[in-house]
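Visitor: Build the 3D model from these lines:
(2 chains)
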Amino acid sequence: MKKLMNILMLSCKKATELIEKRLVTKLTTVEKIQLKMHTTVCSNCTTYENQSDIIEKCIAKIHQPDTKQMKLSSKRKEQILKQLEK
Amino acid sequence: MDTNKGASKVLFENWVNQFSDQLYSWAFHKTSSKEIAEDLVQDTFYAAYRNIDKFQSKSQPKTWLFSILNNKIIDYYKKKSKQFTISADDYINQVKKTDGFFDEHEKWKNDTDLNEQHWLDNPEFNSILLICIKDLPENWQFIIQSKYILDKKSADICQELQITQSNYWQISHRAKLLLKKCIELNWET
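Guide: Prediction:
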């Protein structure tokens, strides 16, 4: 029993690793159980899970298309037009 | 032939006047650099001009130009990710630093503030996050934002940039740990 627990019980470092791995690829069934068991008892890792999620969402928001229109410098526009004459 | 060339020149002048600001805004949004964004727009028009035969007047010029620009943006990051070298020492330092967040049993050394929801209440959160991202090694900065910059799934990005998936999520893990720590530190002060 103790041996089984050892296999299933992750360290915090490993648990946070799986939280990030999950965003890239599917976890194996064992990994899923391991992670679930860990976060059930570890409040620090549950918090990490939420923090990671917030960071992801904010990064996504930062990269959302901006409605703000910028102007290409007229110098560059001229350069582009000049290039077309070649 | 000459009249043809003249006609496409006029057409192009119109496109430059009509779309260059929009293309530039998009390129800047994706690269955060005015210089690079300008270059990408110029390359886009140049490629479009040379491939005008491939443009079918059925499609919208704006859509066509944007698809060329998006390819240029991916190419830019492909090239850049090849240059991303993080020296072995630097890499080891970053890994060591994040290892230091855990004790010898790999448990968190310090309890974290359990009320992370208040992160979102702070109007400064975005600017803190941006500062913290800038603190990461350059290729880590890109990896952690790549999904959103390129609008692609991580698995596809790994394939395009020729990074193994395990390498990608291990870097994401370390980068995220550093971000978490950095945000918490900026909070206290």
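
Visitor: So, low pLDDT: which residues of chain B?
Guide: Across chain B, the ranges flagged by pLDDT under 70 are B:1-5, B:83-87, B:113-115, B:117, B:188-189.

Visitor: With chain A instead?
Guide: Low-confidence segments of chain A (pLDDT under 70): A:1, A:66-67, A:86.

Visitor: what residue lies at the spatial centre of it?
Guide: The residue lying closest to the centre of chain A (CA atoms, centre = their mean) is residue A:56, at 5.0 Å.

Visitor: Now for the closest residue to residue A:42 other than its chain neighbours: which residues touch it?
Guide: Spatial nearest neighbour of residue A:42, chain neighbours left out: residue A:12 (6.4 Å); criterion: CB to CB, 6 or more residues apart in numbering or on different chains. Glycine gets a C-beta too; all of them are placed from N, C-alpha and C. With contact taken as CB atoms under 8 Å, 6 or more residues apart in numbering or on different chains, residue A:12 is in contact with A:38, A:42, A:44-45, B:102, B:106-108.

Visitor: now the helices for the chain?
Guide: Here I'm looking at chain A. Assigned by DSSP state H, chain A shows helices spanning A:2-8, A:12-21, A:29-41, A:43-62, A:74-85.

Visitor: Chain B, not that one
Guide: Per DSSP H, chain B carries helices over the ranges B:2-31, B:34-50, B:61-83, B:88-99, B:118-121, B:125-134, B:138-150, B:154-161, B:165-188.

Visitor: number of nearby residues for the spatially closest residue to residue A:51 that is not a sequence neighbour?
Guide: Counting by CB to CB, 6+ apart, residue B:116 is the residue found nearest to residue A:51 once chain neighbours are left out, at 4.9 Å. Per other CB atoms under 10 Å in any protein chain shown, the neighbour tally for residue B:116 reads 21.

Visitor: so what's the residue in chain B that chain A sits nearest to up against?
Guide: Minimum separation of chain B from chain A (CB to the nearest CB) falls at residue B:106, amounting to 3.2 Å. If you count contacts by CB under 8 Å, 6+ apart, residue B:106 has them with A:11-14.

Visitor: same question, residue B:97
Guide: residue B:178.

Visitor: The residue nearest to residue A:51 reaches residue A:53, doesn't it?
Guide: No: Residue B:116 is beyond contact range of residue A:53, at 9.1 Å (criterion: CB atoms under 8 Å).

Visitor: for the closest residue in space to residue B:23 that isn't next to it in sequence, what are its contacts?
Guide: Excluding the flanking residues, the one nearest residue B:23 by CB to CB, 6+ apart is residue B:41, at 4.9 Å. By CB under 8 Å, 6+ apart, the contact set of residue B:41 is A:72, A:76, A:80, B:20, B:23-24, B:27, B:69.

Visitor: Dihedrals phi and psi, whichever residue of chain A sits closest to chain B?
Guide: Going by CB to the nearest CB, chain B is nearest to residue A:11 of chain A, at 3.2 Å. Main-chain torsions, residue A:11, degrees, to the nearest 10: phi -80, psi 160.

Visitor: Might one say that it is in contact with residue B:103?
Guide: No: Residue A:11 lies out of contact with residue B:103 (CB under 8 Å); the separation is 9.6 Å.

Visitor: how about stretch B:44-59 as PDB, C-alpha atoms only?
Guide: Extracted in PDB, the C-alpha atoms of stretch B:44-59 (Å, rounded to 0.1, in the frame of the first residue of the first chain):
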ATOM      1  CA  THR B  44       4.800  41.700 -47.900                       C
ATOM      2  CA  PHE B  45       4.200  44.300 -50.600                       C
ATOM      3  CA  TYR B  46       7.400  43.200 -52.400                       C
ATOM      4  CA  ALA B  47       6.300  39.600 -52.400                       C
ATOM      5  CA  ALA B  48       2.800  40.500 -53.500                       C
ATOM      6  CA  TYR B  49       4.100  42.600 -56.300                       C
ATOM      7  CA  ARG B  50       6.300  39.800 -57.600                       C
ATOM      8  CA  ASN B  51       3.500  37.300 -57.300                       C
ATOM      9  CA  ILE B  52       0.700  39.400 -58.700                       C
ATOM     10  CA  ASP B  53       0.000  36.600 -61.200                       C
ATOM     11  CA  LYS B  54      -1.100  34.400 -58.300                       C
ATOM     12  CA  PHE B  55      -3.600  37.000 -57.100                       C
ATOM     13  CA  GLN B  56      -7.000  36.100 -58.200                       C
ATOM     14  CA  SER B  57      -9.200  39.100 -58.500                       C
ATOM     15  CA  LYS B  58     -12.000  37.000 -57.000                       C
ATOM     16  CA  SER B  59     -10.400  37.200 -53.500                       C
END
